[in-house]
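Asker: sequence and predicted structure are below.
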Amino acid sequence: MSTAAAATASMPPVRGAVARLSPGYFAAVMGTGIVSIGLHTTGIRSLSVALMWITAVLYAGLWVLYVWRAIFHWHRVVDDLRDPENAFGYFTVVAATDVLGVRLAQDGFEFAAGSLFLFATLIWFVFGYVLPWQVLMTRDGRSILRHANGSWFVWAVASQSLAIGMARLSPTVDASFGEWIGLVAVLAWSVGVILYVAMAMLVLLRVVQFGITPQQFDPAYWVSMGALAIAVVAGSAIVQMEHTPLVDAVRPLIAATVVIFWVFCLWLLPLLVGAGAWRHMLHRVPLRYEPALWSMVFPVGMFAVASLSLGEADALPASGAIGQVALAIAVGVWTVVFVGMLHHLLLVLWASWRTHSAERRARSGNGSA
């Protein structure tokens, strides 16, 4: 057992769980939020609203836990920032902020949504330079390529989520500020597409050069599909934005790419399902709850929303029908993972209560003696 693992094992259960908190846990907000958005799009309002408030609670609760971890376990945060297998998970904070903002905007909470979009813009710029610098410049003698994995695609997802947020924010601001909003939207979409290509090349090189074991092929690799699906939604949102010089310049190009991206998502789905069967059925890797499962919920929900969006915007009935099926699957996957998370949380709280009770009995025994 490593020194860090041994130190965590000796902590009280709740504190130990916070110390081990995954940098990518905001994917739970992303997954819940995108399913809520999909349900809202199809008119299933009551369930959509319930998931919207669950999204908001998860978002607030995770911020409390992240701040707690940063204050009391700062060395672990620094380790994660320098770890190529974990650092890019922090981009889920950006994407989760935008996803929650989009869902709140759908229900008319424009001020809250706008504030979230602006906050997401700030942290996107900060994380976009700080996190890659930490990973690439603090090597500690390790091969970066050997540790490339599916979580690296979250950088592209964060960029595309910002593009969607800017497109949603655009109608609420005046024309002079709208030009800057359009600039950021096109910038984020373009950066997201280029980052996707770069991350895909690096991950593919890693697989070719070093191979990948069934244990290493975790659910985070589903983000490779989700990053393209969100590019479809972001591109469609930019195409529908009001007139600005930059948006007008790229509108034909973006409109031509979104269908291609969606078709490639469709092609990736059997590959990812087959890889999951290879991992869990052929090689018997246990399927149990882990935070990375939320990285599978979001891509499935995002593909559903992208399909529904494409079906409406481009009048593609096949895309809309696929979106309906994908949304039903996304709701099922979300339910299973959410129940797994609640079960995990209850186990931590139960262990904490038992530890506290044992300590209290020990103190009482010592006092009686």
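Answerer: Received, thanks.

Asker: C-alpha from now on. contacts and neighbour counts both.
Answerer: Will do.

Asker: in the chain, what spans have low per-residue confidence?
Answerer: For the chain, applying pLDDT under 70 flags the ranges 1-10, 138-142, 313-315, 365-369.

Asker: tell me where it has strands.
Answerer: In the chain, no strands are defined using DSSP state E.

Asker: which residues in it form helices?
Answerer: 3-9, 13-19, 27-41, 45-72, 74-81, 92-106, 110-137, 154-169, 175-210, 223-239, 245-277, 294-313, 317-368 (DSSP state H).

Asker: against which helices or strands is the longest one packed?
Answerer: On a contact count with 3 or more Cα pairs under 8 Å, 6 or more residues apart in numbering; DSSP states H and E, helix 317-368 meets helix 13-19, helix 27-41, helix 294-313.

Asker: quick one: contacts of stretch 133-153?
Answerer: 81-89, 195-196, 199-200, 202-203, 205-206, 210, 220-224, 227 (Cα atoms under 8 Å, 6 or more residues apart in numbering).

Asker: what comes up buried for that stretch?
Answerer: The neighbour-count check on stretch 133-153 (16 or more other Cα atoms under 10 Å) flags 134-135, 144-153 as buried.

Asker: nearest to M166 among the residues you listed?
Answerer: F153 (20.5 Å; Cα to Cα).

Asker: now the contacts of stretch 133-153: which count as buried?
Answerer: Looking at those with 16+ other Cα under 10 Å, the buried ones turn out to be 81-89, 195-196, 199-200, 202-203, 206, 220-224, 227.

Asker: picking that back up, out of the helices of the chain, which comes closest to H283?
Answerer: It is, among those and with distance given as Cα to Cα, helix 245-277, at 8.6 Å.

Asker: what helices or strands is that closest one leaning on?
Answerer: Here helix 245-277 touches helix 175-210, helix 223-239, helix 294-313, going by 3+ Cα pairs under 8 Å, 6+ apart.

Asker: need those in TSV with distance to L118, can you?
Answerer: Listed next are those as TSV, based on distance: least, Cα to Cα, whole Å:
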stretch	distance to L118
helix 175-210	10
helix 223-239	17
helix 294-313	22
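
Asker: go through those and name the closest to L268.
Answerer: Using Cα to Cα, the nearest of the helices and strands packed on helix 245-277 to L268 is helix 223-239, at 6.5 Å.
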